[in-house]
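In: give me a model of this one.
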Amino acid sequence: MKKVKTGGGWPAIVYTLRKAREAGGLWKFWKAMRSRNACKTCALGMGGQRGGMVNESGHFPVVCKKSMQAMVADMQGEIQPEFFERYSIEQLKGLSPRELESCGRLVNPLLHSRETGRYHVISWDQAYDKIADKLAELTPDQTFWYFSGRSSNEAGFLLQLFARIYGTNNVNNCSYYCHQASGVGLSSVTGSGTATIVMEDVYAADLVFVIGGNPASNHPRLVEKLMKVRRRGGKVIVVNPIVETGMVNFSVPSDPMSLLFGSEIASQYVQPHIGGDLAMLYGIAKRVLELGAHDQEFLDQHCEHWPELRARIESLTWEEILAKSGVAKSEIDEMADTYAAAKKVVFAWTMGITHHAHGVQNVQAIGNLALMRAMVGRPGAGLLPIRGHSNVQGIGSMGVTPKLKDAVFERLEQHFGVQLPTTRGRDTMDCMEGSATGDLKFGFCLGGNLYGSNPDAAFAEQALNNLDLVVYMSTTLNTGHAFGTGRETLILPVLARDEEPQPTTQESMFNFVRLSDGGPRRHEGPASEVEVIATIAKKTFERISKAPAGIDWQSMQDTGRIRHAIAQIIPGFEAIENLHQTKEEFQISGRTFHEPQFATQSGRASLHAHDLPELQGEATDELRVMTIRSEGQFNTVVYEDYDLYRGIERRDVILMHPDDLKDRGLKDGQLVKIAGPAGTMTGVRATAFEKIRAGNAAMYYPEANALVSRQLDPKSKTPAFKCVLVTVTADVPLADPSVAVHI
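Out: Next up is the predicted model:
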């Protein structure tokens, strides 16, 4: 297909009209999008009490294709029981992620058993009893509890409370597979694991670094802010091994001038080798030091370990930096010169930074660079991890982590009069490993697609298949419901955020808490998330003799009661208690640093010195592959098989530079076999793609997870999705009927 020359623009407007038709008409779609509910997609956030398509700065309209795609998915018709009589598990496995998502809304509890080989409809009481009976049969540490970012703060808090009172710390969330390295890295720098800025700081900056990401596809509303930075005379430095169309030029549909003439986004575009970011960041730091552009007074007064970092920077040779980054000295000099001249700088990054075996070090190095020029601890400057799902940060704030912060642990015990477990909890990959070995017997998933988000897809399937019972709380079908089945599997259909009967809350990546009003249900059958969780807890504790005397689980179906507990227990969330009455959405205290007083024990920021890792993939037959998302998907959910911005029509492809194709004797469109550390994929279409740096390649996630190993960053336990070493060789022709194609 023909690649567009700009992101957004008129195609986005045409797409909006098409989505409106799918939703039942423009007026119906408009009302849904304008309801007072937080956006269902990325954590940049919009909606809440100011109404849909309004951000926390009050700007209107702010909307993107992602939010429309999610809304239309929730407005689908229901899946009839006959569907599951027609489609067995094996047949569901043959459907693509897009096809599964497009089957419709789940409206009935479903049970799958290995004996029947298919799902069938059961009653809610049968589902609740099966879960409670299994939990009563097992020991708590034979279970794990996984949370996605689609749910509310109230549901997340309630489920982690239930799991811990039940007796386990095997409580974790999808952040372990995306931004956990950001949380760990930032906590080690500023004492807080989230953004140090508010949304207005981005508008005020005169330089924004966007490192390791493609917001034009994955967080489109951020690009409007970058456009305004450029329009004011500021600069944007984009760092990505792929030159992404929307990060070069974007036509913001809500801005007439931008829509008509387009807006240049990147003032400098740098393409390091995959895995070369850490060396590049040290290169910029070295040049800043050579220029004398560092803020010595700030470093002395407000930072720790500057002498060690300075010695490390000075010890690095330019030869090592250039070899390990793949970035030219002239490019590093230009970035450093631009940085040295800027007054207010925001450093933003996504999973191109965190999805590495040294992801935490990458984040710490960004922190180093910002602190060298006092770009943390002042307005208009700071650190911004660009979070994926709309409430993934809120779920973490609610205590969804194996090890609770001491203050939260103590307040939980005191508030509810309970004794919580102190055993070591398992992170997400550890839970998968425990499932594979048989140590774990039961898994409970609050939204998301645990199978689809895992590296080493074959292992993920085997691990989940080994469980006695897997429970999914979901709105639509995904690949996890087909491949991630236990001996028995339950799907519990739940309401979407804008269908909840009570108000709920969500947290943006700028630490802003929104109130969602909920709304009328679209289908009979699905239940409220807090109702489901509270009912399971009540029935479970009826079966075992350790029910906590101080908790009435029936009353915990009231989201107002849950918010009362959150206000007493979670630091910074005091204002949430009366939010449903005051409607005054708020910024969480203690996280935004507009003064150089940090949340560390000393009040000073911490600098970190690192050894630069060797650049992987230098062997002549190897390629570095990074997994990528298309403009038509959100996380593991695929809405469109084509990728408009890259001009790619299908997903069973590997994007390779023409030179890399030539070096391997391959032709554009040829079928290839790709061997990676976790497995082999055949029948993949080699696709010439000039916009990627030679020596590097890209494949779509989650399909490429079959290749990705279970190698983790040791500090954050985040998998290295962005640096997979593969070999690519010719495959037999697709026309040969004897060849099985596996993707």
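In: okay, now L671: neighbour count?
Out: 20 (other Cβ atoms under 10 Å). C-beta: built from backbone N, CA, C; applies to glycine.
In: equivalent analysis for the one 5 residues further on, please.
Out: Per other Cβ under 10 Å, the neighbour tally for G676 reads 22.
In: correct me if wrong: it contacts S709.
Out: Yes - applying Cβ atoms under 8 Å, one finds G676 in contact with S709, separated by 7.4 Å.
In: identify the contacts common to the two.
Out: Counting by Cβ atoms under 8 Å, 6 or more residues apart in numbering, the contacts common to G676 and S709 are V724.
In: name the nearest residue to the residue nearest the centre of the chain, ignoring sequence neighbours.
Out: By Cα atoms, centre = their mean, the mean C-alpha position of the chain lies nearest to G388, the distance being 3.5 Å. Excluding its sequence neighbours, the residue lying closest to G388 (Cβ to Cβ, 6 or more residues apart in numbering) is C178, at 5.4 Å.
In: for the stretch 251-400 of the chain, what spans make up the strands?
Out: Applying DSSP state E, counting those that start in this stretch to the stretch 251-400 of the chain gives strands spanning 263-264, 268-270, 303-304, 345-349, 382-385.
In: who wins for proximity to G590 among those?
Out: When those are compared by Cβ to Cβ, strand 382-385 sits nearest G590, at 14.5 Å.
In: what comes up buried for the closest one?
Out: When neighbours are counted by 16 or more other Cβ atoms under 10 Å, the buried residues of strand 382-385 are found to be G382, L383, L384, P385.
In: give the pairing partners of that strand; include direction for each.
Out: Strands flanking strand 382-385 in the sheet, each with its direction: strand 345-349 (parallel) (DSSP bridges).
In: now the partner strand: average pLDDT?
Out: When pLDDT is averaged over strand 345-349, the result is 98.
In: CA-only coordinates of it in PDB, if you can.
Out: Extracted as PDB, the C-alpha positions of strand 345-349 are listed here (Å, rounded to 0.1, in the frame of the first residue of the first chain):
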ATOM      1  CA  VAL A 345      14.000  20.600  28.500                       C
ATOM      2  CA  VAL A 346      11.700  17.600  28.800                       C
ATOM      3  CA  PHE A 347      13.100  14.100  28.400                       C
ATOM      4  CA  ALA A 348      10.400  11.600  27.200                       C
ATOM      5  CA  TRP A 349      10.800   7.900  26.400                       C
END
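In: what does that strand contact?
Out: When contacts are taken as Cβ under 8 Å, 6+ apart, the neighbours of strand 345-349 outside the stretch itself are 182, 197, 201-202, 205-213, 215, 222, 339, 362-363, 366, 369-370, 373, 375, 380-386.
In: just the buried residues of the residues you listed.
Out: Listed as buried from those are 182, 197, 201-202, 205-213, 215, 222, 339, 362-363, 366, 369-370, 373, 375, 380-386; burial here means 16+ other Cβ under 10 Å.
In: list the ones among these that fall in helices.
Out: Counted as lying in helices by DSSP state H, out of those, are S182, D201, V202, P215, L222, Y339, N362, V363, I366, L369, A370.
In: re earlier: who's in contact with the residue nearest to G388?
Out: Counting by Cβ under 8 Å, 6+ apart, C178 makes contact with M351, T354, H355, R387, G388, V392, T718.
In: spatially, which two of those residues are the most separated?
Out: Those two in the contacts of C178 that are separated most widely, counting by Cβ to Cβ, are H355 and V392, at 14.9 Å.
In: any chance you could give me stretch 272-290 in PDB, C-alpha atoms only?
Out: This file holds the C-alpha atoms of stretch 272-290, laid out as PDB (Å, rounded to 0.1, in the frame of the first residue of the first chain):
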ATOM      1  CA  PRO A 272      21.100   4.600  16.800                       C
ATOM      2  CA  HIS A 273      21.500   0.900  16.500                       C
ATOM      3  CA  ILE A 274      19.000  -1.100  18.500                       C
ATOM      4  CA  GLY A 275      20.600  -1.300  22.000                       C
ATOM      5  CA  GLY A 276      22.900   1.600  21.400                       C
ATOM      6  CA  ASP A 277      20.900   4.200  23.500                       C
ATOM      7  CA  LEU A 278      23.000   3.900  26.700                       C
ATOM      8  CA  ALA A 279      26.200   4.700  24.800                       C
ATOM      9  CA  MET A 280      24.500   7.500  22.900                       C
ATOM     10  CA  LEU A 281      23.200   9.100  26.200                       C
ATOM     11  CA  TYR A 282      26.700   8.900  27.700                       C
ATOM     12  CA  GLY A 283      28.100  10.500  24.500                       C
ATOM     13  CA  ILE A 284      25.700  13.500  24.900                       C
ATOM     14  CA  ALA A 285      26.700  13.700  28.600                       C
ATOM     15  CA  LYS A 286      30.400  13.600  27.600                       C
ATOM     16  CA  ARG A 287      30.000  16.400  25.100                       C
ATOM     17  CA  VAL A 288      28.000  18.500  27.600                       C
ATOM     18  CA  LEU A 289      30.800  18.100  30.000                       C
ATOM     19  CA  GLU A 290      33.400  19.100  27.400                       C
END
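In: fine by me, we can end here.
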